[in-house]
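> here is my input; please provide its structure:
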Amino acid sequence: MTEVLGDPDSAAAWCSRTRAAGQKLGFVPTMGALHEGHLALVRTALAENDRACVSVFVNPLQFNEKKDFERYPRDLKGDAAALARAGCSMVFTGTLEQFFPGDRAQSLRDPGPRALGLEGALRPGHFAGVATIVERLFEVVRPDVAYFGQKDFQQTLVVEDLARALGYPRIRVCPTVREPSGLALSSRNQLLSPEARARATLLSRSLEAARAAWRAGQRDARELSGAMRAVLDRAPSNGIQVEVEYATVRDPAAWSADEPSGRLERAVALVAVRVAEVRLIDNMVLHEG
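This is a model prediction of the structure:
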């Protein structure tokens, strides 16, 4: 049975008892509206640890637009039921005031250099909000391992830097889970109409084009980006508004704010597109290993 706790103090006490019993604890931080991608993380956490717990908290610190925060899907009851079926040991939530009593929320954590560019540039303050709440969640849970999905690739880099600075926990980045169409699972997919959902497959198709070019021997950063843009720019609109925010590549081991030029030995392709005003992101690692 999954315990559902309504505040971080209760969660911290549960986690403390778990650790005191000598049990290894895996942790999956989420903003709720759980889908198969989240549940895959939970199942991996359960396979690799004695217990697994999940946080469900729509973090206002990481939203740039009030409208986006307000329309973000919320279904704690449904999330708890899905987690119970997956075998999750505990799920907890809380309010911003409970996580950050007093003035603590006013002090945002510096997310570091890998927050620069792309999501960091388009969403000022976003990664500071992410790093601040993830640090707090780590303090509450004190997990052995924390699990994140690759779909939020730049976020995983920021979280890895955070964990390195704190000295804990180990970060496990798990593969993106996709629909049969190739569309990456996302809580925001709930906001798409059937027509927009079909149109959103543009993201994964653009990434596949970059991967095909890489496998064919292309290593020039701008040529790889161009392969992505060709898919995004040439597809018929079908009456669905599409706004490309970026379609680019980066060296994940030498992150830069600006698109690199010249030959790459390692590369990840990243894309952000608004489809019918719903913002979606995706990525694909192009090099092997």
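
> from here on, contacts and neighbour counts on C-alpha atoms
Fine.

> okay, now the unreliable bits of the stretch 151-289 of the chain?
Low-confidence segments of the stretch 151-289 of the chain, defined by pLDDT under 70: 289.

> just the helices in the protein please.
8-20, 36-48, 66-71, 76-86, 96-99, 119-122, 126-141, 153-166, 194-199, 202-215, 221-234 (DSSP state H).

> buried set for the fifth one?
Looking back up the chat, that one is helix 96-99. For helix 96-99, the buried set under the neighbour-count rule, 16 or more other Cα atoms under 10 Å, comprises residue 99.

> cool, the longest one as well?
Judged by neighbour count using 16+ other Cα under 10 Å, the buried positions of helix 126-141 are 126-135, 137-138, 140-141.

> quick revisit: residue 112: which of the helices of the chain is closest?
helix 153-166 (6.9 Å; Cα to Cα).

> now do the closest one: everything it contacts.
For helix 153-166, contacts defined as Cα atoms under 8 Å, 6 or more residues apart in numbering pick out 111-112, 114-115, 119, 127, 130-131, 134-135, 148-150, 169-171, 173, 283.

> show me how far that helix is from its chain's centre.
Centroid displacement of helix 153-166 relative to its chain, using Cα atoms, centre = their mean, to the nearest Å, is 12 Å.

> got the buried residues for that helix?
Here helix 153-166 shows 153, 154, 155, 156, 157, 158, 159, 160, 161, 162, 163 as buried, counting by 16+ other Cα under 10 Å.

> and the second one, how far from residue 120?
In this structure, residue 154 and residue 120 are separated by 9 Å, where distance is defined by Cα to Cα, to the nearest Å.

> what of the first one?
Remark: distance between residue 153 and residue 120 (Cα to Cα) = 12 Å.

> likewise for the fifth one?
As defined by Cα to Cα, residue 157 lies at a distance of 12 Å from residue 120.

> and residue 260, what does it touch?
Counted by Cα under 8 Å, 6+ apart, residue 260 has contacts 221, 222, 249, 250, 251.

> now the first one: closest residue in space, sequence neighbours ignored.
Read it as residue 221. residue 261 (5.4 Å; Cα to Cα, 6 or more residues apart in numbering).

> give the residue spans of the stretch 1-150 of the chain that score low on pLDDT.
For the stretch 1-150 of the chain (pLDDT under 70), the answer is 103-106.

> walk me through the domains of this structure.
3-174, 187-285 (automatic domain parsing).

> okay, the ones you listed in a markdown table with distance to residue 180 next?
As requested, these are exported to a markdown table (distance: least, Cα to Cα, whole Å):
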| stretch | distance to residue 180 |
| --- | --- |
| domain 3-174 | 13 |
| domain 187-285 | 10 |
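
> relative to residue 181, which of these is closest?
domain 187-285 (6.7 Å).

> quick one: end-to-end distance for that closest one.
Span of domain 187-285 from end to end, Cα to Cα: 22 Å.

> mind putting the helices of the chain into a markdown table with distance to residue 243?
Converted to a markdown table, the helices of the chain look like this (distance: least, Cα to Cα, whole Å):
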| stretch | distance to residue 243 |
| --- | --- |
| helix 8-20 | 39 |
| helix 36-48 | 25 |
| helix 66-71 | 16 |
| helix 76-86 | 31 |
| helix 96-99 | 32 |
| helix 119-122 | 13 |
| helix 126-141 | 20 |
| helix 153-166 | 20 |
| helix 194-199 | 12 |
| helix 202-215 | 11 |
| helix 221-234 | 9 |
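
> understood, closing this out.
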